[in-house]
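>>> model this:
(one chain, ligands or ions: 1)
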Amino acid sequence: MLDKRVAKLLNEQITKELYSAYLYLGFSVFYEAEGLDGYANWYMIQAQEERDHAMLFLKYLQMCGEKVELGAIDKPDKKLSGLMDPLNAGYEHEQYVTSLINDIYSAAYDVKDFRTMQFLDWFVKEQLEEEKNAEDMIKKMELFGNDSKGLYSLDAEYAQRVYSAPSLVL
Ligand code: FEO
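Numbering: from 1, shown residues only. Below is the predicted model:
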């Protein structure tokens, strides 16, 4: 049995990760409509990764014998008009997700739930990568995105991204 607060936060994280998937799906749709198929590809794969994250939280709760409760997924509310908008919103969102992971970690720490802390270690590391990727995308767009050849090259780079399943297996 998990501590009630820890179980509640883990359950809520399923919905938060699915919201992330939905948010990035919206970014993918935005870039596809702008003719930037590479960026659209990058965010489509990002959406898949977020779904994977949600499934990991779900599976962990099931393995712990906890009840899984699925919450409502909000409509993404970010206003997207310029090419920088999804990138800035994505970085801000990943910083928020890091704070959520830290909150669950902190709750697990308070009750000496070492098992949950060990489960969350993967996400702590993953968030470092998520924030770094999001920040790099902003930097590159700022450096090269104002020039059409530069933007074309960036889009070609993001078109190369392929999906790979998460390294954490439960
Ligand atoms: Fe599930 Fe982008 O963190």
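>>> name the helix or strand for the closest residue to Glu69 other than its chain neighbours, please.
With sequence-adjacent residues excluded and distances taken as CB to CB, 6 or more residues apart in numbering, Glu69 is closest to Asn11, at 5.2 Å. Any C-beta I mention is one placed from the backbone N, CA and C, and that applies to glycine too. In the assignment (DSSP states H and E), Asn11 maps to helix 4-33.
>>> go through that helix and flag the buried ones.
By neighbour count with 16 or more other CB atoms under 10 Å, helix 4-33 contains the buried residues 6-7, 9-28, 30-31.
>>> of these, list those near the ligand.
17, 20 (CB under 6 Å from any ligand atom).
>>> around the ligand, which positions in this protein sit nearby?
Counting by CB under 6 Å from any ligand atom, the chain sits next to the ligand at 17, 20, 50, 53, 94, 97, 130.
>>> and Val169, what are its phi and psi?
phi -120, psi 130 (degrees, to the nearest 10).
>>> how far away is it from the ligand?
Val169 is 16 Å from the ligand, where distance means CB to the nearest ligand atom, to the nearest Å.
>>> that residue: neighbouring residues, count only.
Other residues lying near Val169 total 7 when counted by other CB atoms under 10 Å.
>>> that one and Leu56, how far apart?
For Val169, the distance to Leu56 equals 9 Å [CB to CB, to the nearest Å].
>>> contacts only, for the residue lying closest to Ser28 once chain neighbours are set aside.
Leaving out its chain neighbours, the residue that sits closest to Ser28 by CB to CB, 6+ apart is Tyr43, at 3.9 Å. Tyr43 makes contact with 24-25, 27-28, 31, 86, 90, according to CB atoms under 8 Å, 6 or more residues apart in numbering.
>>> again, only this time at 10 Å
If a contact means CB atoms under 10 Å, 6 or more residues apart in numbering, then Tyr43 has 23-32, 86-87, 90, 137, 158, 161 as its contacts.
>>> what about it, which helix or strand?
Going by DSSP H and E, Tyr43 is part of helix 37-63.
>>> and that helix with helix 4-33, angle?
Here the directions of helix 37-63 and helix 4-33 differ by 160 degrees (axes from the mean of the first three to the mean of the last three CA atoms, to 10 degrees).
>>> any idea how far helix 37-63 is from the chain center?
In terms of CA atoms, centre = their mean, to the nearest Å, the centre of helix 37-63 is set 7 Å apart from its chain centre.
>>> now stretch 80-96: average pLDDT?
For stretch 80-96, mean pLDDT is 98.
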